[in-house]
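> Below is the sequence, then the predicted model.
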4 protein chains.
Amino acid sequence: MKAIGVLTSGGDSPGMNAAIRAVVRYGVKNGLRVFGIERGYCGLIDGAIKEMNFASVAGIMEKGGTILRSSRCGEFLTKEGREKAAKNLAMLGIEGLVVIGGEGSLTGSVVFHKEFGVPVVGIPGTIDNDIAYTDMCIGVDTCLNTVVDAIQKLKDTATSHERAFIVEVMGRESGYIALMSAIATGSEAAIIPEVPVNLDQLAARLLEERKRGKLNCIIVVAEGAAKAEDVARKISAKIGYETRISLLGHIQRGGSPTAFDRLLATRMGVRAVQALLDGEKCVTTVLSAGKIEVMDTEKILSTKKQLDLSLYEISMILS
Amino acid sequence: MKAIGVLTSGGDSPGMNAAIRAVVRYGVKNGLRVFGIERGYCGLIDGAIKEMNFASVAGIMEKGGTILRSSRCGEFLTKEGREKAAKNLAMLGIEGLVVIGGEGSLTGSVVFHKEFGVPVVGIPGTIDNDIAYTDMCIGVDTCLNTVVDAIQKLKDTATSHERAFIVEVMGRESGYIALMSAIATGSEAAIIPEVPVNLDQLAARLLEERKRGKLNCIIVVAEGAAKAEDVARKISAKIGYETRISLLGHIQRGGSPTAFDRLLATRMGVRAVQALLDGEKCVTTVLSAGKIEVMDTEKILSTKKQLDLSLYEISMILS
Amino acid sequence: MKAIGVLTSGGDSPGMNAAIRAVVRYGVKNGLRVFGIERGYCGLIDGAIKEMNFASVAGIMEKGGTILRSSRCGEFLTKEGREKAAKNLAMLGIEGLVVIGGEGSLTGSVVFHKEFGVPVVGIPGTIDNDIAYTDMCIGVDTCLNTVVDAIQKLKDTATSHERAFIVEVMGRESGYIALMSAIATGSEAAIIPEVPVNLDQLAARLLEERKRGKLNCIIVVAEGAAKAEDVARKISAKIGYETRISLLGHIQRGGSPTAFDRLLATRMGVRAVQALLDGEKCVTTVLSAGKIEVMDTEKILSTKKQLDLSLYEISMILS
Amino acid sequence: MKAIGVLTSGGDSPGMNAAIRAVVRYGVKNGLRVFGIERGYCGLIDGAIKEMNFASVAGIMEKGGTILRSSRCGEFLTKEGREKAAKNLAMLGIEGLVVIGGEGSLTGSVVFHKEFGVPVVGIPGTIDNDIAYTDMCIGVDTCLNTVVDAIQKLKDTATSHERAFIVEVMGRESGYIALMSAIATGSEAAIIPEVPVNLDQLAARLLEERKRGKLNCIIVVAEGAAKAEDVARKISAKIGYETRISLLGHIQRGGSPTAFDRLLATRMGVRAVQALLDGEKCVTTVLSAGKIEVMDTEKILSTKKQLDLSLYEISMILS
């Protein structure tokens, strides 16, 4: 193998730049030419591809987002689009690909590999933490700290005004961010896709706690489980608190990555290049028991990541 | 004067605790008894009043919100409410009041002083920065840094996805937070109550910049000027960017206060007690040319604070 | 079991309060009385012990340090001291102990258990990350982020002035913090106890990189491996950079804990109480493959924690 | 005037990049060519000068340090050095200069202007806040927040271990940072160059407070007033606390600038260019009563900036 390409695809997540840096530098140190592909699979199709070197990734580790930019690329869903992509790779002599992204991006990598035989190593970068077999995805730790910091700020106001806040956080399929941030901030409840919630019971519990002297109430809602305003409307009358909603939105995706995400991304970037050099064909890097391993991408995609629901119980007991 | 009271009223703002601490400690050191009144004017009416000492305000300076809690108190708008309040003060021998809050709270202090003769010193605590004659209100600096930090996070994502973000920030009457945060983040535009905006012209300018290679676009909107979703709807089709909105909401009120807000609040708290000891009747502390002064509260309330619009021009020129 | 005690011992670390909170609340919810012991083993000897409840641990999770305070207790190293401690426990009916701390504190727990039979569950809280069998100790993640943040600040100045900084960080026995922070900041080198360093070779490499245009140089030194000023003296003449040293010191111990540390501490606190209820005698909670388990404390203490040295190689390759 | 140059000189401070950005963009928008001079006066002598445009300053506002780099330039202290500098300016047609830096840098600007007639506008950028007539210098607010954040972390450990910390902060001539950070953190004492300190009296006061139940003690020392280790040695025996020292060092210079510093630097950068266009010859921008003005640089340099010592008294009363 003489040349590889790297791209970031789908929603951006903090730490992607550290992964790009590791892929480029580890590749170059191992004698490879490394090409950066812009805007995900779109750049692969459009030929927005340029060679990178040590200097092109200097000073990027601390930056949120991705210097290669990202997109959700409709054209790559078509056979024609993927054929263009394969031709561009062949033209430049690129013999292997590193794809940094979430579930959709990894799915694309499998399809592409099967059709054209190009070895593709995935790196799970998504704040949703919904990729199976890896303890964490790149960006999750940063996102969680951003959410915790935001909820802590809301608590100041909630306590001062004896209010309830219904905070809507990311997580269409997974309640990971909602549940973990609820535990880490001592919030009163987490409403997540994995566990059905009885709002009447919840309201009754909160009312009980208020009577015992609690001055505020924070309920964290995963966007995939409910809308904050619906929760607010349904329970505000019952809980005896003035209720406000807060939609954290896109600030959850940004920010300088935490140490954890920089390390995870760096290690996964190195491991991805090693996998290509080792002749792997269609695998994804995973964090498993503290080690970075690779695992068959199709196997990963065919498994639903489970949330540890004993933590849900803990969140209820301790708040 | 032997005893004074202190309360926080209206929307909370970071730094209020530093002001309470200064009032209590400076008062006590000057031989006064200092009473803390809970939940603003409501506590004055309900008699939720307790004596404070050095220890009661230990370790609070770094905390957002207000340990005395706050509220908007409808009953204080009635003569009956204020009579109860005056009786409670008389009963406890409280001869002067420090009121920390925004425009509505200061207005209440004037009415109360006129009716019952109680000396009242106001301290401007509001993130809206809409109190005249003071360069800054307590909480504004912290709020501004929170907003700048949030916009910086959005920029990561905006650049990675080549998107526009319409960010709605606080400011019903004043565009201060919107304008300053737009300048401090190099955002493309600020939409503020003080300056009418032509969305067609703005869209044309953004489209022009995009053609010259700009990868993202941030428009900061003060809530008093427009709704982010209206702005997004009106210009998204024209500017050639995928457009998202972000409502920063209540996180803008919280958080550990910045050094600036802690110092401002501490100095104003000390000055407020001095003013009561000096026999002032109805004044408010202001930051003027780097010094803390007091000024007639009615005069302050009768003046509309002006935003320095040369900064608006600068924001347009530099972005 | 009807009553348990909890103490924090040795150097404090961020997240200890989250562990205390979990022990108290989970204990109380399971019908136990929970006693807080002040200043580590000293309080056990002096009888500085008070019952805690849900309210005593409200709002502490976000705070650095430990509300129970900590100490290194010489008297507990004596038989007499430990006898006093055992008597105090018996007198209060405390039948089990949770000890949050580092290696010395866990060693004390084993000695105490063996002499008096009191069941003791340890929770590894130390920023040194030098406890075997657990992937992480409480406080390490926060410490690492503090160090990364500080080095990032030094880089600003290093680049602006084309300087080298020799940064000394914590780690008497372990190079974990030094190595991980070096990788996470893209620093030029980590000097750690686990790997002998040839300063001449290092200087030659740095000089080479400078000639190729590098504008700054950061070397992270674990305190157990070398003194920053010695490193500076030995290599500054050779590397062609103006050299400065920075001792990060005790700021590495403080600060509001990260989400990771809050979650780890909460889960370990819960698990420790479960272990006492399950009849465990002398175990310690560990994070292993993403799960919280308990393991024989003596076995843990008799094993030296290994640093993953493949990461050392990565740090050299990527910088 | 058709072309101007901009340089940063002396110790770097956060916000310098925002000033550079404003000078470049405001200059270009007003029809000027703007040249960036590298490494302060050294680049002027060596001819390390390149033209800048809108794109060269994109995305730099949030960065600490200075993209133009900085130095203390010995050669500029010689007539020969300054002659070379003047020739380089003439050769490129640069008719005015903006110098961003502290006292030494402004002094250099006056000497240079007098010898060669080149109009020079200074912008006070130094974390020492020791430039007269301006309420604040660029970088001071960021530095102060960094120091407050660090002391807050030390307080966690100080309280947990019932210790004293002697914290040494920047300030050779000025106690500004030490005094303000002491007030903003409720520290027990500030030792500053402006006020002689009686360590025996200080120790007696701290001992008294400890007896009344205080759990920690923080003393902030400006480097120009004393060395932390000397203070520690002299008072540790007397105050009844275990004592540690902390040298904050160069982390005080770095970091992403606060909103305040970004705004101050932006406004000063714009004002500096306006001053050159207005035909000013040798002035410096100052923040005075909330407005940015210019003032004769020699007058500024001949005046010693005074610290408001009423704040010293407040720091003693409130702690």
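Nice, thanks for sending it over.
> Assign A:L89 to one of the three secondary structure states.
Under DSSP: H, G, I helix; E, B strand; the rest coil, A:L89 falls in the helix class.
> Which residue is the nearest non-sequential neighbour of it?
Leaving aside its sequence neighbours, A:L89 sits nearest to A:V118 (CB to CB, 6 or more residues apart in numbering or on different chains; 6.2 Å). The way it works is simple: take the backbone N, C-alpha and C, and place the C-beta from them, glycine included.
> The one you found: what secondary structure?
coil.
> A:I300 now?
Assignment for A:I300 (three-state DSSP): helix.
> and chain A, which of its residues are near chain B?
Residues of chain A found near chain B (CB under 8 Å from any CB of the partner chain) are A:8, A:12, A:14, A:39, A:63-66, A:69-71, A:146, A:150, A:152-157, A:159-162, A:165, A:215, A:244-251, A:253-255.
> ok, 7 Å please
A:12, A:64-66, A:69-71, A:150, A:153-154, A:156-157, A:159-162, A:165, A:244, A:246-247, A:249-251, A:253-255 (CB under 7 Å from any CB of the partner chain).
> that older thread, ok now do the residue nearest to A:L89, which residues does it touch?
With contact set as CB atoms under 7 Å, 6 or more residues apart in numbering or on different chains, A:V118 has these partners: A:A86, A:L89, A:G96, A:L97, A:F112.
> redo that, cut-off 10 Å
For A:V118, the contacting residues are A:5, A:85-86, A:89-90, A:94-97, A:109, A:112, A:281-282, by CB atoms under 10 Å, 6 or more residues apart in numbering or on different chains.
> re the thing from before, helices - which of the residues of chain A next to chain B land there?
A:A150, A:K153, A:L154, A:D156, A:T157, A:T159, A:S160, A:H161 (DSSP state H).
> how about the strands in chain A?
A:3-8, A:33-37, A:49-52, A:96-101, A:120-124, A:163-169, A:189-191, A:217-222, A:242-247, A:282-288, A:291-296 (DSSP state E).
> Point out the most buried one among these.
Stretch with highest mean neighbour count among the strands of chain A: strand A:120-124 (a mean of 31; mean count of other CB atoms under 10 Å in any protein chain shown).
> now it and strand A:282-288, what's the angle there?
30 degrees (axes from the mean of the first three to the mean of the last three CA atoms, to 10 degrees).
> Any part of strand A:120-124 near chain C?
No. Judged by CB under 10 Å from any CB of the partner chain, strand A:120-124 makes no contact with chain C; its nearest approach is 14.9 Å.
> got any ranges where the stretch 101-250 of chain A has weak pLDDT?
Counting by pLDDT under 70, the stretch 101-250 of chain A contains no low-confidence range.
> Pick out the residue in the stretch 151-300 of chain A sitting closest to chain D.
Nearest residue of the stretch 151-300 of chain A to chain D (CB to the nearest CB) works out as A:S256 at 8.7 Å.
> ugh, typo on my part, it should be the stretch 101-250 of chain A
A:D149 (13.8 Å).
> between the strands of chain A, which gets nearest to D:A289?
Among those, strand A:242-247 comes nearest to D:A289, with 37.5 Å by CB to CB.
> Need the contact partners of that closest one.
Contacts for strand A:242-247 (CB under 10 Å, 6+ apart): A:150-151, A:153-154, A:157-158, A:161-169, A:217-221, A:223, A:227-233, A:235-237, B:71, B:245-251.
> try it again with 7 Å
A:154, A:161, A:163-168, A:228-229, A:232, A:236, B:247, B:249-251.
> Please save the CA atoms from stretch A:65-72 in CSV.
Taking Å, rounded to 0.1, in the frame of the first residue of the first chain, the C-alpha atoms of stretch A:65-72 are listed here in CSV:
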residue,chain,number,x,y,z
GLY,A,65,-15.2,20.4,14.0
THR,A,66,-13.2,19.0,11.1
ILE,A,67,-10.7,20.7,8.9
LEU,A,68,-11.7,18.4,6.1
ARG,A,69,-15.3,19.5,6.6
SER,A,70,-18.2,17.1,6.4
SER,A,71,-21.5,16.5,4.8
ARG,A,72,-24.3,14.1,4.3
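> circling back to that earlier point, so can I have a markdown table of the ones in helices among the residues of chain A next to chain B showing distance to chain C and neighbour count?
Below are these laid out as a markdown table (distance: CB to the nearest CB, whole Å; neighbours: other CB atoms under 10 Å in any protein chain shown):
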| residue | distance to chain C | neighbour count |
| --- | --- | --- |
| A:A150 | 12 | 26 |
| A:K153 | 11 | 23 |
| A:L154 | 13 | 26 |
| A:D156 | 11 | 26 |
| A:T157 | 14 | 27 |
| A:T159 | 8 | 23 |
| A:S160 | 13 | 28 |
| A:H161 | 16 | 27 |
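> ok, the residues you listed vs B:P124, which is closest?
Ranked by distance to B:P124 (CB to CB), those are led by A:S160 at 17.1 Å.
> doesn't B:G65 make contact with the closest one?
Yes. Assessed by CB atoms under 7 Å, A:S160 is found in contact with B:G65 at 3.8 Å.
> and for these two, which residues touch both?
With CB under 7 Å, 6+ apart, A:S160 and B:G65 have common neighbours B:D12.
> residue contacts, A:S319?
Here A:S319 is in contact with A:G186, A:S187, A:E188 (CB under 7 Å, 6+ apart).
> What score does it have for pLDDT?
A:S319 is assigned 87 on the pLDDT scale.
> got it, and A:E75?
At A:E75, pLDDT is 96.
> Distance-wise, check it relative to chain C.
For A:E75, the distance to chain C equals 34 Å [CB to the nearest CB, to the nearest Å].
> Same check on A:L263?
With CB to the nearest CB as the criterion, A:L263 and chain C are 6 Å apart.
> In contact with that residue, which residues are there?
C:M180, C:I183, C:A184.
> mind redoing it with 10 Å?
Applying CB under 10 Å, 6+ apart, the residues contacting A:L263 are A:15, A:18, A:141, A:257, C:144, C:148, C:179-181, C:183-184, C:311, C:314.
> What about those, which one has the most neighbours?
A:G15 (35 neighbours; other CB atoms under 10 Å in any protein chain shown).
> Can you read off the pLDDT for that one?
98.
> measure the residue found closest to it once you drop the neighbours it is linked to in the chain to B:K84 for me?
Using CB to CB, 6+ apart and skipping the chain neighbours, the partner closest in space to A:G15 is A:D261 (3.5 Å). Plainly put, A:D261 is 56 Å away from B:K84 if you go by CB to CB, to the nearest Å.
> of these two, who's got more company?
A:D261 (32 against 17).
> Get me the contact residues on chain A for chain D.
A:G59, A:E62, A:K63, A:S256.
> Nearest spatial neighbour of the third one, chain-adjacent residues omitted?
With CB to CB, 6+ apart as the criterion, A:K63 has its nearest non-adjacent residue at 5.2 Å, and that residue is A:N17.
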